[in-house]
Structures are given as structure tokens and as C-alpha cells.
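**Q** sequence-free structure coming up:
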């Protein structure tokens, strides 16, 4: 299975995850989800693979989350999915799919759980060191 990352190049966490994947020896399929919004079926499958509710994939910061009233706990998954598909900036990132699983990689070191190969030591953009022997 090919590793896939749903990526936003403007996001430091997403850039760190992409760099960790590459440091593990893989060149992933990169889907810039703001330019190429996943289809509903894909988004539903990713949520199911991660074992999280749709609400857990919502991003609040820098999005129309509050303007759209998405904090309302009575909104069902279908409504939340509709909002994410209409406004892909609401989809939290990065999402990584590998043969070992699918994860929302926040914080970025979550990706280590699903990489096939170890990365050794990795220095994030902010100077934090992760990984190791």
C-alpha cells in the first residue's frame, strides 16, 4: 500500500509530518486537500479508518467553524460532513494513510505509529526533537 498524506503546505505540522514520512524512506502520494477536496465517500472512509467521530476531524482555528454554527453539539455527522466538503479548510490536517493504519497526525509525531520504517532522530521546524533509536 502506498502512503498517502492529506496535506496543507501552509501548515507547519503538515510539513513536519511530510518530512518524517520522507525521512522514513517513503515518498508519499500528496493530496493538497484544499485544492483537491476528497469526495464524501473518501472522507467517510478516512473517518471510519481513524475510528473517530466526524466532529473530531473539524478544525476551528482559522476557519468558518463558529460562523457556521458548528459548535452546536446537536449537529449530526451528515451536517458536519456537508460543512467540511463545502469548506475544506474545516478538515483538520494532516491525515496520513499507510498499510499500518490511518491517523490524524496532530501532534506530528503521531505519524510514527503508522510508518513502516523508523525515522531515527527528527528535528521539527520549531527545533523540537522527536524519534530516536
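**A** Nice, thanks for sending it over. Note that the structure is predicted; figures quoted are calculated from it, not measured.
**Q** Which parts of this structure are helices?
**A** Under the criterion DSSP state H, the chain contains helices at 12-23, 40-50, 77-86.
**Q** Most tightly packed of these?
**A** Per residue and on average, the most neighbours among the helices of the chain fall to helix 12-23, with a mean of 20 (mean count of other Cβ atoms under 10 Å). Every residue, glycine included, has its C-beta placed from N, CA and C.
**Q** Show me what that helix is in contact with.
**A** Surrounding helix 12-23, the residues in contact under the criterion Cβ atoms under 8 Å, 6 or more residues apart in numbering are 3, 5, 7-9, 28, 30, 93-94, 96, 105-109, 111-112, 115, 119-120, 122, 124-126, 130-131.
**Q** The same query, at a cut-off of 6 Å, please.
**A** Residues outside helix 12-23 that contact it (Cβ atoms under 6 Å, 6 or more residues apart in numbering) are 3, 5, 7-8, 28, 93-94, 105-106, 108, 111, 119, 122, 124-125.
**Q** Kindly report the same for stretch 113-123.
**A** Under Cβ under 6 Å, 6+ apart, the answer for stretch 113-123 is 20, 23-25, 98, 100-101, 103, 129-132.
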